[in-house]
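S.K.: Please find the sequence and the predicted model below.
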Amino acid sequence: MPRNRASAAAIGLPENPLFEIHDLLLLALDASERRDGYSLPEREARSYVRAALRRAKRLMGALS
């Protein structure tokens, strides 16, 4: 079954919570930053957070 995608603006996603999610993702990346290397699970988790951050930025662009 094909999935229909809609933009954040089309589905009425509230703008303020989206900006809050963006800020929280940035805080999570900052809080987990270390000078020494990361373990494989940490690298993977940070990768997911960065992907979510990129997605949030795209959705925020749809609201502009």
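M.R.: Now that the structure is in, tell me what you want to look at.
S.K.: longest helix anywhere in the protein?
M.R.: Secondary structure of the chain per DSSP state H: the longest helix is helix 40-63.
S.K.: Pull out the buried positions in it.
M.R.: For helix 40-63, burial by neighbour count (16 or more other CB atoms under 10 Å) applies to 49, 53, 56, 59-60. Backbone N, C-alpha and C define where each C-beta goes, glycine included.
S.K.: just curious, which of the residues you listed is nearest to Ala28?
M.R.: Taking CB to CB as the measure, Ala28 lies nearest Val49 of those, at 5.4 Å.
S.K.: Arg34 and His22: what is the separation?
M.R.: Applying CB to CB, to the nearest Å, the value for Arg34 to His22 is 22 Å.
S.K.: what's the answer for Glu44, then?
M.R.: Distance from Glu44 to His22, counting by CB to CB: 21 Å.
S.K.: Check Ala31 too.
M.R.: According to CB to CB, Ala31 stands 15 Å off from His22.
S.K.: Compare these two and say which is more crowded by neighbours.
M.R.: Between Ala31 and His22, counted using other CB atoms under 10 Å, the more crowded position is His22 (17 against 7).
S.K.: I'm done for today, thanks for sticking with me.
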